[in-house]
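Have a look at this prediction, sequence included:
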Amino acid sequence: MSARDVVVHPDATLLAEATAARLLTHLVDVQSHRAPVHLVLTGGTVGIKTLAAVAANPVRDAVDWSGVHLWWGDERFLPDGHPDRNETQARDALLDALGDALPPENVHAVPALSDYVPTPEAAADEYAVALAAATGNTGPSPAFDVLMLGMGPDGHVASLFPGHEALEAAGRSTTGVHDSPKPPPLRVSLTFEAIRGAREVWVVAAGAEKAEAVASALASAPVETTPAAGAVGIERTLWLLDAAAAGNAGSAGSADSADNADGSR
Ligand SMILES: O=C(O)[C@H](O)[C@@H](O)[C@H](O)[C@H](O)COP(=O)(O)O
């Protein structure tokens, strides 16, 4: 597993702007030697603010979006177009602004609640088919170039919540989620198997209410109680924090030394 890097920015606004700039230049770098690029988006306030910052950054035009495939780490299981869906909020924040530069077939949304997809499990199964197809059916999901995750105050990432059975989902890339403690109750999520198949995992968190979970995750607390501790990429695991979420993890703009996933230095 990759070591963890920690970068701390002074406040949530600069965190979103800096993460957007980092993402754009990273996509350009990856595109210089790999095609297509697979990017996993996250819901939540920081995740959506980051997408809005991408849309507002002129460097967005340095990315060949025709070679970028977008996925979601989780989705609220609601009807298509519902304002609370992560997809809806991502379209409002960024995708609509990209227009024709981003081919519709590159956007792989988690299926919405409908008469044909009546349960989170049905949506998870359909999403798993799309993920596998993106590998040419050679594996369960792509080695995502960047998989972005927000984190809740309880240490959840995607829709993987402490103590929930979805944490144990094995042999599959997606899972349905019921009784989510964060509304809405029905969701679809990537599993840890899919998350850990990413080349880089970026956890983006802001706010003092996240500080305890950040500290626990960086100390490699049990995944059962702090799911974010299990969010590790193959090549890199990057924690992007504001000073409030970092607590005493470092001053603004600092980059702490890397911790190994097993907590050793
Ligand atoms: O569907 C969701 O709600 C998100 O995917 C969820 O995992 C979110 O990223 C965290 O709860 C952090 O959300 P905030 O940034 O709003 O605290």
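Sure thing, it's come through.

So for residue 258, what's the pLDDT?
Looking at residue 258, its pLDDT stands at 39.

Where does pLDDT dip in the stretch 51-200 of the chain?
Across the stretch 51-200 of the chain, nothing is flagged by pLDDT under 70.

What residues does it have near the ligand?
74, 76, 86, 150-152, 156-158, 182 (Cβ under 6 Å from any ligand atom). Placement of C-beta: from N, CA and C, glycine included.

if we go to 8 Å?
The stretch 51-200 of the chain comes close to the ligand at residues 72-76, 86, 149-153, 156-159, 182, 187, as judged by Cβ under 8 Å from any ligand atom.

Can you flag which of those belong to strands?
72, 74-76, 149, 187 (DSSP state E).

I'd like those residues as a markdown table, with neighbour count and distance to residue 59 appended.
Output for those, formatted as a markdown table (neighbours: other Cβ atoms under 10 Å; distance: Cβ to Cβ, whole Å):
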| residue | neighbour count | distance to residue 59 |
| --- | --- | --- |
| 72 | 25 | 23 |
| 74 | 28 | 27 |
| 75 | 28 | 28 |
| 76 | 27 | 30 |
| 149 | 28 | 23 |
| 187 | 29 | 32 |
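
Tell me where the stretch 151-265 of the chain has strands.
If DSSP state E, counting those that start in this stretch is used as the criterion, the strands of the stretch 151-265 of the chain fall at 174-177, 187-190, 200-205, 236-242, 255-259.

Okay, angle between the fourth one and strand 200-205 too, please.
An angle of 20 degrees separates the directions of strand 236-242 and strand 200-205 when computed by axes from the mean of the first three to the mean of the last three Cα atoms, to 10 degrees.

In space, what's closest to the residue in the stretch 101-250 of the chain that the ligand sits nearest to - neighbours in sequence excluded?
Nearest residue of the stretch 101-250 of the chain to the ligand (Cβ to the nearest ligand atom) works out as residue 150 at 2.3 Å. Nearest residue to residue 150, sequence neighbours excluded (Cβ to Cβ, 6 or more residues apart in numbering): residue 44, at 3.4 Å.
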